[in-house]
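Enquirer: Here's a sequence, model it:
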Amino acid sequence: MKKLALILAFSFVGMFAHADTTDLQTNQDEVSAAGRTWVCGLAFKGTSKGLKIIVGHFKTVAYGHLKCKGLLGKTYSQRVMVSIGHHWIGPTAGIGYFKMAGVSSEISLFNKHPEAILGKYLVAQGEAAIIGGVGAFTAVKVGVPQIAANVSLQLLKGFGVQVGIDGLHISAY
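Expert: This next block holds a predicted model:
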């Protein structure tokens, strides 16, 4: 289903790829819709904890600062909460408790403003630590007409292991 959505999204790129030079007001900051492409970075700190082997609860919650830049140099900045692991049943296996600090980069195409980056993503992630460790995730969001991809690396402190596919939610706070 996701592959079909990606194919359809790329098929309709010509319809949505026209330049729009309208300025938008978001949280008193000026942002531009020109080019409809935003590159963003996110530094975050949080925790991952739980017990889940297909059924159970393993959740990651982190807080950070999202900073984006458009093609014409306009900027957008927003404090965000990132949470992963919304469903009690799903293709995830994990046990443990981690404190983490990480960085993430994202590119978002065909959206009118960077607030479109907020929302729900499909994420594949893995974490492992014995006292110290590393984690990573990659997330995608496909909507009409937006396409966004996110890649993250984390340094962990704690004990456990987690791997799986789940939902990721980025929200402003």
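Enquirer: Count the neighbours of residue 109 for me.
Expert: 17 (other C-beta atoms under 10 Å). Where C-beta positions appear, they are placed from N, C-alpha and C, glycine not excepted.
Enquirer: Skipping its backbone neighbours, what lies nearest it in space?
Expert: Of all residues not flanking residue 109 in the chain, residue 147 sits nearest, at 4.9 Å (C-beta to C-beta, 6 or more residues apart in numbering).
Enquirer: Does that neighbour touch residue 117 like I think?
Expert: No. Judged on C-beta atoms under 8 Å, residue 147 makes no contact with residue 117 at a distance of 11.3 Å.
Enquirer: ok, the two, which is more surrounded?
Expert: For residue 147 versus residue 117, the count of surrounding residues by other C-beta under 10 Å is larger for residue 117: 24 against 19.
Enquirer: distance of that one from residue 133?
Expert: 28 Å (C-beta to C-beta, to the nearest Å).
Enquirer: go on, residue 120?
Expert: Counting by C-beta to C-beta, the gap from residue 120 to residue 133 is 27 Å.
Enquirer: quick revisit: overlap in contacts of residue 147 and residue 117?
Expert: The contact sets of residue 147 and residue 117 overlap at 108, 141 (C-beta atoms under 8 Å, 6 or more residues apart in numbering).
Enquirer: May I have the secondary structure class of residue 116?
Expert: Under the three-state scheme (DSSP: H, G, I helix; E, B strand; the rest coil), residue 116 adopts helix.
Enquirer: could you list every residue that touches it?
Expert: 108, 143, 146, 148.
Enquirer: redo that, cut-off 10 Å
Expert: Residues near residue 116 by C-beta atoms under 10 Å, 6 or more residues apart in numbering: 36, 38, 108, 110, 141, 143, 145-146, 148.
Enquirer: need the helix or strand of this structure with the lowest average pLDDT.
Expert: helix 13-16 (a mean of 34; mean pLDDT, DSSP states H and E).
Enquirer: hang on, the earlier thing: so which of residue 120 and residue 133 has more stuff around it?
Expert: residue 133 (19 against 14).
Enquirer: Enumerate the beta-bridge partners assigned to residue 135.
Expert: Under DSSP bridges, the beta-bridge partners of residue 135 are residue 127, residue 154.
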